[in-house]
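Dropping a prediction and its sequence here:
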Amino acid sequence: MGAGPGAVDLLTLRGAQRIADADLVLYAPGATDAAWLREHTAAELVDCSRLSPEEIAEHYRRLASRRGKAVRLVSGDPALSPRLREQLDLCTRLGLDVEVVPGVSPVSAAAPVPLLEAGAVESLAVTTVETDFTAVRDLAAAGRALAVRAPAARTADLVEALRGAGIADDTPAVVADKPSRPDETLVRTTVGELVAEVKKHNLWRSALFLVGESLRTTGKAKPTGEESAPRWTARSWRRPTDEPRKTWAERRAEAGTTAAAAQAPAAAAAREPEDEPRVPVAVGAPDSAEQAPATPKPVRSPGKRSPRSAAKRAAKKA
């Protein structure tokens with residue numbers, strides 16, 4: 001069963017019910033508050049951090065003979081625990097029925113900001129390291145956040161593996177010890193200052209290290225790839241790429257200026273006849289072409305038709 005990040009109020013309701021119904025509870029003091037367990041269950045409590053796998057198997061055999069129920073608490077979520085496979089194989093070998101109860105991941109309790117960010121950090125790698133940090137070097141990459149459970153005393157080896165993978169020293173990092181518990185230690189720093197901060201806070205036990213661009217406190221994470229091309233629209237192709245984008249107010253003011261400039265020539269053209277000097281014209285001059293009265297066109301009566309039109313209609317009917 002997942003014990004969550006450490007705070008007792010982060011246990012799931014199902015997990016609390018399984019603890020209350022258990023006859024035996026195996027726990028680690030660093031993962032679960034023993035005082036809370038004593039208050040919420042009458043089961044036998046056993047500190048499994050000092051037991052060997054053979055001793056744990058003996059507890060299971062003794063309890064199975066009485067058809068009892070046992071709960072093995074693991075830190076965080078069982079799906080992220082490297083010991084889950086070992087426990088499943090042991091119960092299968094002993095012929096025991098097994099149920100896996102999920103738990104809250106410590107990564108959620110330690111991360112001060114979202115670890116994933118669209119366009120910058122789109123993947124998360126979670127691993128547990130004891131001595132060999134080769135897995136960290138293989139998993140570390142630009143555009144990926146890392147969550148590493150490792151001994152704080154080996155922080156220098158962790159930083160060396162990150163640098164070997166090309167992670168810059170100014171990359172944000174977080175180290176968390178007992179996250180979500182009253183005595184938690186949560187340090188926000190960078191990869192380059194990680195060793196100094198761990199020594200400053202006197203951390204040496206197993207801790208959770210978070211590394212990634214999305215851990216920056218101000219602004220957005222640095223994009224990992226080339227800047228995406230602008231989205232095509234019906235109007236975007238008409239605007240040159242080097243022309244700055246204008247606001248709605250600027251476009252409206254520009255449109256008003258253009259309309260005023262277009263109206264000015266029309267107004268000037270309308271005023272041109274009035275500005276030209278008028279030429280005096282002699283009245284009554286018979287030989288003046290401008291003064292000759294226009295010959296009126298003959299007005300045809302709507303009731304009469306010309307003979308030619310009548311002949312055409314008759315030929316068409318024939």
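Noted; the coordinates are in hand.

Every contact and neighbour count from this point should use C-alpha atoms.
OK.

where does the stretch 201-318 of the chain have low pLDDT?
217-249, 251-252, 256-310, 318 (pLDDT under 70).

run the last query once more with 80
Regions of the stretch 201-318 of the chain meeting the criterion pLDDT under 80 cover residues 217-318.

Isn't residue 172 up against residue 190?
Yes - contact criterion CA atoms under 8 Å: residue 172 and residue 190 qualify, at 4.4 Å.

where exactly do the helices run in the stretch 101-250 of the chain?
Secondary structure of the stretch 101-250 of the chain, counting by DSSP state H, counting those that start in this stretch: helices at 106-110, 134-139, 155-164, 194-200, 248-275.

now the second one: how far from the chain's centre is it?
Here helix 134-139 is found 24 Å from its chain centre; the criterion is CA atoms, centre = their mean, to the nearest Å.

And the contacts of it?
125, 127, 129, 146, 148, 158, 161, 162, 164, 165 (CA atoms under 8 Å, 6 or more residues apart in numbering).

again with the fourth one
Residues lying outside helix 194-200 but in contact with it, judged by CA under 8 Å, 6+ apart, are 152, 155, 156, 159, 173, 175, 187, 189, 204.

Which strand residues bridge the fifth one?
In this case it means residue 173. Beta bridges link residue 173 to residue 189, residue 211 when assigned by DSSP bridges.

from memory it sits against residue 208, does it?
No - taking contacts as CA under 8 Å, residue 173 lies outside contact range of residue 208: 10.5 Å.

hang on, the earlier thing: if you rank the contacts of helix 134-139 by neighbours, which is first?
When neighbours are counted as other CA atoms under 10 Å, the busiest of these turns out to be residue 158, with 26 neighbours.

Which residues are in contact with it?
Contacts here follow CA under 8 Å, 6+ apart; on that basis residue 158 touches 133, 136.

Go again with 10 Å.
Residues in contact with residue 158, defined by CA atoms under 10 Å, 6 or more residues apart in numbering, are 129, 131-134, 136-137, 148, 150-152, 164, 191, 194-195, 209.

Residue 130 now?
When contacts are counted by CA under 10 Å, 6+ apart, residue 130 is found next to 149, 150, 151, 154, 206.

Neighbour count and distance to residue 57 added to the residues you listed, as TSV?
TSV is the format used below for those (neighbours: other CA atoms under 10 Å; distance: CA to CA, whole Å):
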residue	neighbour count	distance to residue 57
149	20	26
150	21	27
151	19	27
154	18	31
206	19	25
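
out of these, who's nearest residue 28?
Proximity of these to residue 28 was ranked by CA to CA; the top entry is residue 206 with 13.0 Å.

Now the closest one: closest residue in space, sequence neighbours ignored.
Of all residues beyond its chain neighbours, the one nearest residue 206 is residue 151 (4.0 Å), with distances taken as CA to CA, 6 or more residues apart in numbering.

okay but the one you found is in contact with residue 133, surely?
No - here residue 151 does not reach residue 133: they are 11.2 Å apart, not a contact under CA atoms under 10 Å.

related to what we said a few turns ago, Throw the contacts of helix 194-200 into a markdown table and include neighbour count and distance to residue 58, thanks.
Formatted as a markdown table, the contacts of helix 194-200 follow (neighbours: other CA under 10 Å; distance: CA to CA, whole Å):
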| residue | neighbour count | distance to residue 58 |
| --- | --- | --- |
| 152 | 23 | 33 |
| 155 | 22 | 36 |
| 156 | 14 | 39 |
| 159 | 21 | 41 |
| 173 | 26 | 42 |
| 175 | 27 | 37 |
| 187 | 17 | 41 |
| 189 | 21 | 45 |
| 204 | 15 | 32 |
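
Out of those, flag the one nearest to residue 15.
Distance to residue 15, by CA to CA, is smallest for residue 175 among these, at 27.3 Å.

That closest one contacts residue 203, doesn't it?
Yes - shown here, residue 175 and residue 203 form a contact pair, counting by CA under 10 Å, at 9.5 Å.

Look up the closest residue to residue 38, ignoring the ones flanking it.
Spatial nearest neighbour of residue 38, chain neighbours left out: residue 45 (8.0 Å); criterion: CA to CA, 6+ apart.

in whichever strand or helix holds that neighbour, what's buried?
Counting by DSSP states H and E, the element that carries residue 45 is strand 44-47. Of the residues in strand 44-47, those buried by neighbour count under the rule 16 or more other CA atoms under 10 Å are 45, 46.
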